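[1] Just to be clear, the model below is a prediction. Sequence and coordinates:
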Amino acid sequence: MVACGRCPGYVCVECGRVAVEEPFMRCERCDEAIETWERFERLRARCAGRRCVSRARAGTSDSDSADSICDSCDEPICWCGAEPVDFYGGWCDHDHGWSDDSEWSEHQDRHNLQRRFDYAVGLIVRLGGGSRRRVFARLHRAMRAKVADADIDQLREGIEHAGDWERKLRANTGRDPV
């Protein structure tokens, strides 16, 4: 039913309750509900209904985009590494524990700095700077905190110190471990 029985206007073709401008038109509420349902069905059809797995988690790639591409269907997934999304770099509908962008940025910055710190430690070890334990101890002293307890500025100090140490080791050994 698209024409209202009591007035000369038209009603939503889906719910039949809300007035609309043209025949066979949907109201905003029905339009949003159908778009959400269609999106859900389209994303659910990926990976044959199984859960997507990022290339980084599957271990098949270490590129920058490996966290946001499904290893099975080669489609974009959320940064959480498991839920399909409409576009690369998008977020799924689940709560990731961040209430707003500022908290996310600080959390993500900290995570990225910790990964860079761990990479720098491994590089120093490969260049002959000592065991992992000794390298971590020296960098912790330079930061005046352990990695788990360090704030973002202390992590940056530690990475800067590790970079200086790496440059000295490269100058002394003259080799590239990578």
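    Perfect, I can see it now. Numbers count the residues shown, from 1 in each chain.
[2] any idea of the mean pLDDT for stretch 162-174?
    Mean per-residue pLDDT for stretch 162-174: 86.
[3] what does stretch 11-26 give?
    The pLDDT scores in stretch 11-26 average 81.
[4] Surely Glu22 forms part of a helix?
    No - the assignment for Glu22, made by DSSP: H, G, I helix; E, B strand; the rest coil, is coil rather than a helix.
[5] Need the nearest residue in space to Cys30, chain neighbours excluded.
    Leaving out its chain neighbours, the residue that sits closest to Cys30 by C-beta to C-beta, 6 or more residues apart in numbering is Glu14, at 3.9 Å. Yep, even glycine has a C-beta here, placed from its N, CA and C like the rest.
[6] What is the neighbour count of that neighbour?
    15 (other C-beta atoms under 10 Å).
[7] cool, and Ser131?
    With other C-beta under 10 Å as criterion, Ser131 counts 9.
[8] Next: Arg134.
    When neighbours are counted by other C-beta under 10 Å, Arg134 registers 12.
[9] Just the element for it, please.
    helix 132-143 (DSSP states H and E).
[10] do Gly122 as well
    Going by DSSP H and E, Gly122 is part of helix 101-126.
[11] Can you show me the strands along the chain?
    For the chain, the strands defined by DSSP state E cover 10-11, 19-20.
[12] so of these, which one's packed in deepest?
    strand 10-11 (a mean of 20; mean count of other C-beta atoms under 10 Å).
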